[in-house]
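Engineer: 3D, please:
(one chain, ligands or ions: 1)
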Amino acid sequence: MTYYRSLLFAYCFLSSFISLVVLTHGAGSIVFDTYGRSLYGFDIFVTTIDPSSSSQAELQLTDGVSVNYNGYFPSSPSSLLSLLNYSCSSQANHIDALIYVTERRGYSTIYLDLFPSLSSPSNRRETLELPPRLHFPLLSLLDGRSSVSMKDRPSLSGDSLIFVSTHEPSPYPRQSWAAVYSTHLSTGATTRLTPNGIADFSPAVSPSGRWTAVASSGERGWSGEIKELNTDIYLFKTSDGSARTLVVEHGGWPCWADEFTLYFHRESSDQWWSVYKALIMIQGDAPVLISIDRITPPGFHAFTPAVSPAAPELIAVATRRASSQFRHIELIDLRDGRNAYVEVTRLTTPTAHHFNPFFSPEAGKIGYHRCRGSRNSGNPPLLLEHKKSIVPDKFSLLRINGAFPSFSPDGRKIAYVSLPGVYVVNADGSNPIEIYSGNAFGTAWDWKRNGVIYTSLGPQFAQESTEVDIISITLSEDDDKSEPPLIKKLTSGGKNNAFPSPSPDGNWVVFRSGRSGYKNLYIMDSIEGESEGIYRLTEGPWSDTMCNWSPNGDWIAFASDRDNPGSGSFSIYMIHPNGTGLRKVVQSGNGGRTNHPWFSPDSASLVFTSDYAGVSAEPISNPHHFQPYGEIFTVKIDGTEIRRLTHDSYEDGTPTWTSSFLKPSDVAESLQGVAFCRFDDCHWLSLQNQINDVLNGTIC
Ligand SMILES: *[C@@H]1O[C@H](CO)[C@@H](O)[C@H](O)[C@H]1NC(C)=O
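Structural biologist: From the prediction side, this is the model:
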């Protein structure tokens, strides 16, 4: 270990220095949930391509910290190092390099790792199980301006890093902020290659570097797609984004076999995701499409293709086949008219999902990412994961492994839901207790009575008539686990009574109920429940839900689809508890979803989740997210100053806001038996219908 490290230090002398981002402390914390995200950690692995050998061992390249994904092998690590102002001896030829996305510092950024050459004979894989490495944050080294953003799909073109970033807002609501940028590695100068107002995903630079292909929905924008984004493939000049031309209608995830051959994926009309090949020519300065051919047949899904110009007839793809419940990497060998499929990952790691393959420059190795599994020792799942805050002196931002978090009034405990059950844990992650062991959703603490938590029992996302009722749970004093919490039912009749939120004087609870046939808001006695008094706050043939009472008592914020009842589109409204003053605070955009409002401790702002910034990556390149557009925002209660707090392609939701400032650091999960690597592949990559069709002979 130390040997290789000193070897690397001997090769390369640091002649520029890395500035560290220092967080300053302030007051307040926002905590939110990301569906499933805390239960996996990705690393990048590599496998040698040897179709003749049956034993293909894989090597873990990244270091098992945070999530590491969407890798790229630069062809010349030594010239990369000199671009970064490192002077290297000639032995730098024995160094391999990997560029990838990582979230290790609480935000998404692009790293460069250097390690002893994988192909040098002395470095056999037994000795390289977790290679010693040097790593550098490529972008924050060069561009410290806006580090809270999502970065994705890095690659190199000459002296420049080409990548996706979300650091510039779209001028339009409900549009993705994802755009392609080019950063010159030695000067740090950054150019936006995507036109303003347009989102581009999945960039791929042509072998000569002249063209970049992207998946883009162009002027059309985003209209709520969460499976296929229905993108088209555009080409533009990598140097400056000019000569932007639509070449393939309906396609995503492009890659180049040579200057005139692109592979890409799309969901075919027979519903199988398939890989296609497009031939283009350049007329004058404009790319022109010549032909499109489908490469992978119906009967299995194939997507996220990769190809290397060094072996243009070997296509790496991810597949979902009926013979496995997992996403695997395969190689399609098209050489000499062959059409052979070579399994790459099923032989080595049959029970893991593998994502987004990429080739080494000489095409001798395939990289991909998967959950690191048992190698996660030392990096336990996180209860609270620190995320970099855009206003670090005002509040900290943390992801919790559980839905519907809420803080006790003193900020020392967090209640949350982890189905099936409601938990309370100290804000430092210690002493987790299950306080209710059934299906529940929504949590809120009484402001006056110590240790009283409100929640609703029953299924989420259910009809008005579904049996859901509100309870209060009174925790026993001094964390005595031997004494069970006292449970009291506050509503009866079960007409979807949910999302309780108490008034700051401790007398009332606002909640939504479907008792009239529509979900509207009601207020009831906080101790005895509806039997001691209830009045109706809102009324209409629509859904008012997810209510939150302001800490100063003046307002109740809620989500409502009253603009277009039943459409699935929600905006945030506020109303005084006496029924006056109704107004809309924020709407995501036409047909948009804005939900789960929660007041700031000073009652002057709201935090909420919304699709205001569209989707940030092709969903098929990720594990399953029900609502991959979910991002956390804040807004002033007068509707001004909308600020985006999270930047990712995950489902971020159910935020809460406490006045207590949680230290911006990670807190390990202390619940027993939390299974790591527990996540699903995209649910909509279903095989069942298609399998039935195949069995019935309607396909093939
Ligand atoms: C309703 O409540 C608001 C805020 O609590 C208050 O300013 C307003 O005067 C009240 N209106 C009536 C009619 O009571």
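Engineer: so which residues on the stretch 551-700 of the chain come close to the ligand?
Structural biologist: Applying CB under 6 Å from any ligand atom, one finds that the stretch 551-700 of the chain approaches the ligand through 554, 576, 578, 580. Where C-beta positions appear, they are placed from N, C-alpha and C, glycine not excepted.
Engineer: of those residues - the most surrounded one?
Structural biologist: Neighbour count (other CB atoms under 10 Å) singles out Asp554 as the most crowded of these, with 16 neighbours.
Engineer: quick one, helices of the chain?
Structural biologist: Taking DSSP state H as the test, the helices found in the chain are 2-11, 77-83, 138-142, 688-695.
Engineer: follow-up on the earlier one: tell me which of the residues of the stretch 551-700 of the chain next to the ligand fall in strands.
Structural biologist: Among these, no residue falls in strands (DSSP state E).
Engineer: quick check: the residue of the stretch 601-700 of the chain nearest the ligand.
Structural biologist: Ser603 (11.2 Å; CB to the nearest ligand atom).
Engineer: and that residue, how far from Lys636?
Structural biologist: Computed as CB to CB, to the nearest Å, the Ser603 to Lys636 distance reads 11 Å.
Engineer: ok, now which ones touch Arg335?
Structural biologist: Arg335 makes contacts with 313-314, as judged by CB atoms under 8 Å, 6 or more residues apart in numbering.
Engineer: one more time with 10 Å
Structural biologist: Neighbouring residues of Arg335 by CB atoms under 10 Å, 6 or more residues apart in numbering: 311-314.
Engineer: returning to what we had before: per-residue confidence at the residue of the stretch 601-700 of the chain closest to the ligand?
Structural biologist: Each residue has a pLDDT score; the one for Ser603 is 96.
Engineer: please apply the same query to Leu382.
Structural biologist: 86.
Engineer: state the distance from it to Gly106.
Structural biologist: Taking CB to CB, one finds Leu382 at 11 Å from Gly106.
Engineer: one more: Arg210?
Structural biologist: Distance from Arg210 to Gly106, by CB to CB: 37 Å.
Engineer: these two: which has the busier surroundings?
Structural biologist: More crowded of Arg210 and Gly106, by other CB under 10 Å: Gly106, with 23 against 15.
Engineer: from the stretch 51-200 of the chain, which residue is nearest to the ligand?
Structural biologist: Taking CB to the nearest ligand atom, the stretch 51-200 of the chain has Pro173 as its residue nearest the ligand, at 29.5 Å.
Engineer: what number of residues lie near that residue?
Structural biologist: Neighbour count for Pro173, taken as other CB under 10 Å: 19.
Engineer: just to check, it is in contact with Tyr612?
Structural biologist: Yes: with contact defined as CB atoms under 10 Å, Pro173 counts as touching Tyr612 (5.7 Å).
Engineer: who touches both of those two?
Structural biologist: Between them, Pro173 and Tyr612 share the contacting residues 586-589, 592, 594, 642, judged by CB under 10 Å, 6+ apart.
Engineer: now for those residues: which two are most distant?
Structural biologist: Across the shared contacts of Pro173 and Tyr612, no pair lies farther apart than Gly592 and Ile642, at 12.3 Å, counting by CB to CB.
Engineer: which neighbours do the two share?
Structural biologist: Contacts common to Gly592 and Ile642, judged by CB under 10 Å, 6+ apart, are 173, 586, 610, 612.
Engineer: with adjacent residues omitted, what lies nearest to Leu645?
Structural biologist: Ile632 (4.5 Å; CB to CB, 6 or more residues apart in numbering).
Engineer: next one: stretch 385-403 to chain centre, how far?
Structural biologist: Relative to its chain's centre, stretch 385-403 lies at 15 Å (CA atoms, centre = their mean, to the nearest Å).
Engineer: flag every buried residue along that stretch.
Structural biologist: 385-390, 392, 395-403 (16 or more other CB atoms under 10 Å).
Engineer: for whatever residue of the stretch 1-150 of the chain ends up closest to the ligand, give me its contacts.
Structural biologist: Nearest residue of the stretch 1-150 of the chain to the ligand: Gly28, at 23.7 Å (CB to the nearest ligand atom). Neighbouring residues of Gly28 by CB under 10 Å, 6+ apart: 389, 391, 394-397, 411, 600-602, 657-662.
Engineer: distance check, the spatially closest residue to Gln460 that is not a sequence neighbour against the ligand.
Structural biologist: Leaving aside its sequence neighbours, Gln460 sits nearest to Phe441 (CB to CB, 6+ apart; 4.8 Å). With the distance defined as CB to the nearest ligand atom, to the nearest Å, Phe441 ends up 28 Å from the ligand.
Engineer: for Phe441, report the pLDDT, please.
Structural biologist: Value listed for Phe441 in the pLDDT field: 95.
Engineer: what about it, how many residues nearby?
Structural biologist: 20.
Engineer: what does Trp447 give?
Structural biologist: 17.
Engineer: just give the closest residue to it, not the sequence neighbours.
Structural biologist: Pro504 (4.8 Å).
Engineer: that neighbour touches Pro409, doesn't it?
Structural biologist: Yes: here Pro504 reaches Pro409: they are 9.1 Å apart, a contact under CB under 10 Å.
Engineer: what is in contact with those two at once?
Structural biologist: Both Pro504 and Pro409 are contacted by 446-448, 551, under the criterion CB under 10 Å, 6+ apart.
Engineer: buried among the residues you listed? Make that a ChimeraX selection.
Structural biologist: Selecting only the buried entries of those in ChimeraX, with 16+ other CB under 10 Å as the criterion:
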select :446,447,551
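Engineer: could the shared contacts of Pro504 and Pro409 go into a markdown table alongside distance to Ala415?
Structural biologist: Converted to a markdown table, those look like this (distance: CB to CB, whole Å):
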| residue | distance to Ala415 |
| --- | --- |
| Asp446 | 11 |
| Trp447 | 14 |
| Lys448 | 16 |
| Pro551 | 17 |
